[in-house]
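Asker: All I have is the shape, not the residue letters:
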DNA sequence: GCGCTCTGTTTGACATGTCAAGCAGAATGT
DNA sequence: ACATTCTGCTTGACATGTCAAACAGAGCGC
């Protein structure tokens, strides 16, 4: 008794899926070519760069970009090797680690942000008219209202099952 | 002189990004819980199951689901271990490998497909009205028209840089 | 019928993410 | 104070994807 998708539904769903695949691919590619960053790098750098003092506690950062703490810890180690960020011990709490942008990290994300916006415009925003943008906002609003309530609010913390991948800060 | 995103543009873009993240997460989660399959497994199984004889050449399959041949080869090996598919040598061409569904693979994908459609309906399609679906189809059409032309048609083959993740066959 | 190149696939080394321990510092109860 | 538990982070083993190198069979050109 499965209710299969109608043609219209199927078109919308497959369109979304394909959009997702190709758009991500293109944006990722641009980011790597323009700035030598992965999406992951970008999320981390842009989020930390918006924080006061260009520094953020590891756990907070993980929550903000919806990663598991473990993933972030691994990734920060790698970014540290590349000289983009530093780990700093917090005086008030001996357990805590703070991620701090290096000068190189700051310079990198500043340059990357401009190019990234351009990429988003080129492949997405500028292709759509205001009605499209409004429709899209409405659609994601509806779906997200459903998902955010059905979904465990926090990733690796609580009983949450699976992986993440979040955009984090504005482009 | 960067043209930053306006508020409306930003809302639409972030909405899309967040939708992408949470919806994928949910669908992936359901698929794993309902059928014990990853998205990758599902793509492979559903595509092969639609092919005549429930078999498909490895290269063809890779192209169809937009994976690199190498990724597929690795993944098929893993699925083979789990008894979902088999590798078969093609008589006409000694180099070629053919991926064939086992009975278990067939049974699995049949059951999984039903549950997957239900999941897609629950978290996406059924939340939207016909106008939303039409708008979405229009939007992805516009963007894809742009991307598919700007994008190297084939993944790991030609000069193409990066990763993939494609839905493949219908839900 | 033999070397060359081309093609389809496999393989291996490495990058990145996941999950489950491990661990040290903070908080709490008595 | 000090044992116990909690918290925040790190680590290690493993899964999955990437890229480049290795291969073996197919298809030439001669």
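Answerer: Structure received. Treat the numbers as computed from the prediction; the structure is a model and nothing was measured.
Asker: what about residue A:25, distance to DNA strand D?
Answerer: In this view, residue A:25 and DNA strand D are 9 Å apart by C-beta to the nearest atom of the strand, to the nearest Å. In this view, the C-beta of every residue, glycine as well, is placed from N, C-alpha and C.
Asker: before we move on, what about residue A:109?
Answerer: Relative to DNA strand D, and taking C-beta to the nearest atom of the strand, residue A:109 is found at 20 Å.
Asker: Tell me if the lengthiest helix in chain A is near chain B.
Answerer: Longest helix in chain A by number of residues (criterion: DSSP state H): helix A:7-35. Yes. Part of helix A:7-35 sits near chain B under the criterion C-beta under 8 Å from any C-beta of the partner chain, namely A:8-26, A:28-29, A:32-33.
Asker: Show me which of the residues you listed are buried.
Answerer: With burial judged by 16 or more other C-beta atoms under 10 Å in any protein chain shown, the buried subset of these is A:9-26, A:28-29, A:32.
Asker: where exactly do the strands run in chain A?
Answerer: Assigned by DSSP state E, chain A shows strands spanning A:55-57, A:85-89, A:97-101.
Asker: shaky segments in chain A?
Answerer: Chain A contains residues with pLDDT under 70 at A:150-171.
Asker: Relative to its centre, which residue of it is most distant?
Answerer: residue A:1 (38.5 Å; C-alpha atoms, centre = their mean).
Asker: ok, that residue to chain B distance?
Answerer: Going from residue A:1 to chain B by C-beta to the nearest C-beta, to the nearest Å gives 9 Å.
Asker: Then residue A:99?
Answerer: 21 Å.
Asker: Now do the same contact list for that residue.
Answerer: A:44, A:48, A:55-58, A:61, A:76, A:85-88 (C-beta atoms under 8 Å, 6 or more residues apart in numbering or on different chains).
Asker: looking at it, residue A:65 is touching residue A:48, isn't it?
Answerer: No. Using C-beta atoms under 8 Å, residue A:65 is not in contact with residue A:48, being 9.7 Å away.
Asker: Where does chain A get nearest to DNA strand D, residue-wise?
Answerer: residue A:59 (2.3 Å; C-beta to the nearest atom of the strand).
Asker: Apart from its chain neighbours, what residue comes closest to that residue?
Answerer: residue A:69 (6.0 Å; C-beta to C-beta, 6 or more residues apart in numbering or on different chains).
Asker: If I follow the layout properly, that neighbour ends up in contact with residue A:58?
Answerer: Yes. Using C-beta under 8 Å, residue A:69 is in contact with residue A:58, at 6.7 Å.
Asker: about what we covered before: what about the residue nearest to residue A:59, neighbour count?
Answerer: 15 (other C-beta atoms under 10 Å in any protein chain shown).
Asker: Now for the residue farthest from the centre of chain A: which residues touch it?
Answerer: Residue A:1 touches nothing, counting by C-beta under 8 Å, 6+ apart.
Asker: For residue A:72, give me its contacts.
Answerer: Here residue A:72 is in contact with A:44, A:58, A:61-62, A:65 (criterion: C-beta under 8 Å, 6+ apart).
Asker: What about the residues you listed, which are in helices?
Answerer: Going by DSSP H, the helices hold A:44, A:58, A:61-62, A:65 from the contacts of residue A:72.
Asker: Could you identify the buried members of those?
Answerer: A:44, A:58, A:61-62, A:65.
Asker: Mind putting those residues into TSV with distance to chain B?
Answerer: As requested, those are exported to TSV (distance: C-beta to the nearest C-beta, whole Å):
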residue	distance to chain B
A:44	15
A:58	20
A:61	16
A:62	14
A:65	10
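Asker: Tell me which other helices or strands the longest helix of chain A touches.
Answerer: In terms of contacts (3 or more C-beta pairs under 8 Å, 6 or more residues apart in numbering or on different chains; DSSP states H and E), helix A:7-35 is packed against helix A:39-50, helix A:103-123, helix B:7-35, helix B:130-150.
Asker: Deepest-packed of the ones you listed, please.
Answerer: helix A:39-50 (a mean of 22; mean count of other C-beta atoms under 10 Å in any protein chain shown).
Asker: hmm, who's touching that helix?
Answerer: A:24, A:27-28, A:31, A:35, A:37, A:54-56, A:61, A:64-65, A:72, A:75-76, A:79, A:84-85, A:99-101, A:105-106, A:108-110, A:112-113, A:116, A:165-170.
Asker: and if we set it to 6 Å?
Answerer: A:28, A:31, A:56, A:64-65, A:75, A:99, A:101, A:105, A:109, A:168-169 (C-beta atoms under 6 Å, 6 or more residues apart in numbering or on different chains).
Asker: try stretch A:110-118
Answerer: A:34-35, A:37, A:171, B:2.
Asker: Distance from that stretch to the middle of the chain?
Answerer: 15 Å (C-alpha atoms, centre = their mean, to the nearest Å).
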